[in-house]
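S.K.: structure of the sequence below:
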Amino acid sequence: MVVVQRNEVSRMRVLSFLTILLSVFVVAGIVPMYSIQPDPIRFMLVLLIAIACIAAVLAGLQLFSYPKRSQVLLFHRDDDMVLATNAMHEGFKLRFLRDILGENVFSFSDEERARWKGLEADGFYATLYVRSVRKLIMVRLCTMIFDDVFVADLKGRWEHYDCSRTAEPSFTKPDMPALKSWKMRDLADNS
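M.R.: Just a heads-up that it's a prediction; the model follows:
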């Protein structure tokens with residue numbers, strides 16, 4: 001498995017876009033002069049057009065195959081915290097957190113799993129249930145690993161850490177993630 005750093009993802013997107021742009025210019029420059037060239041040169045031009053088209057297709061695939069921003073919702077309830085992510089394919093991040101937190105990670109009970117089931121309609125999955133870990137440590141670990149970290153408490157206050165460019169954001173915003181079907185009252189009612 002290859003783990004790409006956040007700044008590498010941005011560079012690769014720019015390079016993919018530039019590759020597509022260059023391929024379009026190559027094809028647009030060759031097409032008008034194709035008919036006036038002799039046969040050996042035409043063969044080379046067709047080969048060049050094919051290479052440009054293949055490069056554009058590969059760059060397009062690479063541009064659209066990057067995963068979306070990894071987001072995590074961290075629900076802080078007294079001494080317990082629940083971590084929900086939007087990307088199930090990033091299990092290595094969750095294993096890393098589980099290994100660091102060790103004996104503080106617990107399994108969800110059937111009631112707990114049912115309580116957090118409502119998040120799945122919004123694309124988030126409750127993945128870790130943590131006890132006796134300070135909020136500051138948990139937020140710090142999550143900002144090092146995920147692109148967006150949203151922290152919520154029982155009173156409905158949200159903190160948003162945008163970590164897509166750096167693992168150490170300098171400020172938080174009181175933003176809430178785009179949750180359509182799940183409400184904070186679901187958490188407060190079941191506590």
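
S.K.: how's this protein carved up into domains?
M.R.: Listed domain ranges for the chain are 6-65, 71-189 (source: automatic domain parsing).

S.K.: which stretch in these has the least confidence?
M.R.: Lowest mean pLDDT of those: domain 71-189, a mean of 79.

S.K.: most packed of the domains of the chain?
M.R.: domain 71-189 (a mean of 16; mean count of other C-beta atoms under 10 Å). Placement of C-beta: from N, CA and C, glycine included.

S.K.: what residues are up against Ile30?
M.R.: Residues near Ile30 by C-beta atoms under 8 Å, 6 or more residues apart in numbering: 45, 48-49.

S.K.: tell me what the strand or helix carrying Ile49 is packed against?
M.R.: With elements taken from DSSP states H and E, the one containing Ile49 is helix 39-65. In terms of contact count using 3 or more C-beta pairs under 8 Å, 6 or more residues apart in numbering; DSSP states H and E, helix 39-65 is assigned the packing partners helix 6-30.

S.K.: could you check how far the helix it packs on is from the centre of its chain?
M.R.: 22 Å (C-alpha atoms, centre = their mean, to the nearest Å).

S.K.: how about stretch 103-110?
M.R.: 25 Å.

S.K.: do the same with stretch 128-144
M.R.: For stretch 128-144, the distance to the chain centre is 19 Å (C-alpha atoms, centre = their mean).

S.K.: contacts for it next, please.
M.R.: Outside stretch 128-144, the residues that touch it by C-beta under 8 Å, 6+ apart are 72, 74, 76, 79-83, 94, 97-98, 100-101, 104-108, 112, 149, 151, 161, 163, 167-169.

S.K.: mind doing that once more with 7 Å?
M.R.: For stretch 128-144, contacts defined as C-beta atoms under 7 Å, 6 or more residues apart in numbering pick out 72, 74, 76, 79-83, 94, 97-98, 100-101, 104-108, 112, 149, 151, 161, 163, 167, 169.

S.K.: hang on, the earlier thing: just checking, next helix/strand downstream of the helix holding Ile49?
M.R.: Toward the C-terminus, helix 39-65 is succeeded by strand 71-77 as the next helix or strand (DSSP H and E).

S.K.: does anything pack onto the helix or strand that that next one is followed by? Which helices or strands?
M.R.: For strand 71-77, the following helix or strand on the C-terminal side (DSSP H and E) is strand 80-85. Strand 80-85 sits against strand 71-77, strand 125-131, with contacts defined as 3 or more C-beta pairs under 7 Å, 6 or more residues apart in numbering; DSSP states H and E.

S.K.: so in that sheet, which strands flank strand 80-85, and in what orientation?
M.R.: strand 71-77 (antiparallel), strand 125-131 (antiparallel) (DSSP bridges).
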